[in-house]
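In: Test case, fold it:
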Amino acid sequence: MAERERRRVRPRGTIFVPRTQILSASDVAKAITRMAHEVVERTHDIDGLFVVGLQTGGVPFATALAAAISTIVGNPVDLGLLDVAFYRDDIALHPVVESATTTISSDLTDRTVLLVDDVLFTGRTIRAALNALSDWGRPSAVQLAVMVDRGHRELPIRPDYVGKNLPTSREEAIDATTDGVWIGKLVAK
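Out: You can find the predicted model right below:
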């Protein structure tokens, strides 16, 4: 492993120590509702929308976003889960989570896919997700929704819907859940 990669990888045996809460559960719920309205406004064929949560952090946000969109349009929205572990270009650096599975109920060809994740950082997870989606068909469009965009992109990836833009240093860490968003650091157990 190159020294550059070693510096960027979350070391095993570390825990997140929160410093400051950035968003409360109420703030997260409001951001999800706002993003749901934006999705409905921008998506031409809402019946063809398929929301896909990225394992594991994007799943609760995708579930909440799909529910909010369903409430707005009055119809259920398809929801799936996508595990991108085997599509990552740094699989040796990130352990595969056994409980993370892909659950996509139908072919995505000619559908609008809304990828949902908790935090957008370097963009490598989204690149892996785009590769993984090709196994499920050829969507007519792929959009990206994230709760937190923290910058530091290494790839030309930009979200369509953002809950909160939160510029950070590389040494900081973000924990985003539906209960809130915290900024902190990683420390050894």
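
In: what's around residue 160, how many residues?
Out: Residue 160 has 17 neighbours, counted by other Cβ atoms under 10 Å. In this view, the C-beta of every residue, glycine as well, is placed from N, C-alpha and C.

In: The longest helix along the chain - contacts with which helices or strands?
Out: Of all segments of type helix in the chain, defined using DSSP state H, the longest is helix 25-42. With contacts taken as 3 or more Cβ pairs under 8 Å, 6 or more residues apart in numbering; DSSP states H and E, helix 25-42 sits against helix 59-73, strand 141-149, strand 161-165, strand 180-188.

In: Need the mean per-residue confidence for that helix.
Out: Averaging pLDDT along helix 25-42 yields 98.

In: That one: what's the following helix or strand?
Out: Later in the chain than helix 25-42, the nearest helix or strand by DSSP states H and E is strand 49-54.

In: ok, residue 65 - contacts?
Out: Applying Cβ atoms under 8 Å, 6 or more residues apart in numbering to residue 65 gives the contacts 32, 35, 36, 39, 51, 114, 116, 145.

In: out of the residues you listed, which is most surrounded?
Out: Counting neighbours by other Cβ under 10 Å, residue 116 leads the contacts of residue 65 with 33 neighbours.

In: Quick one: residues contacting that one.
Out: With Cβ under 8 Å, 6+ apart, residue 116 has these contacts: 51, 52, 53, 54, 58, 61, 62, 65, 144, 145, 146.

In: How about residue 113?
Out: 50, 51, 52, 133, 139, 141, 142, 143.

In: Name the nearest residue to it, ignoring sequence neighbours.
Out: residue 139 (4.4 Å; Cβ to Cβ, 6 or more residues apart in numbering).

In: From residue 127, how far out is that neighbour?
Out: Going from residue 139 to residue 127 by Cβ to Cβ, to the nearest Å gives 16 Å.

In: Neighbour count for those two, which is higher?
Out: Set residue 139 next to residue 127 and count neighbours by other Cβ under 10 Å: residue 139 wins out with 22 against 18.

In: The more buried one falls within a helix, correct?
Out: No - checked against DSSP: H, G, I helix; E, B strand; the rest coil, residue 139 lies outside a helix; its state is coil.
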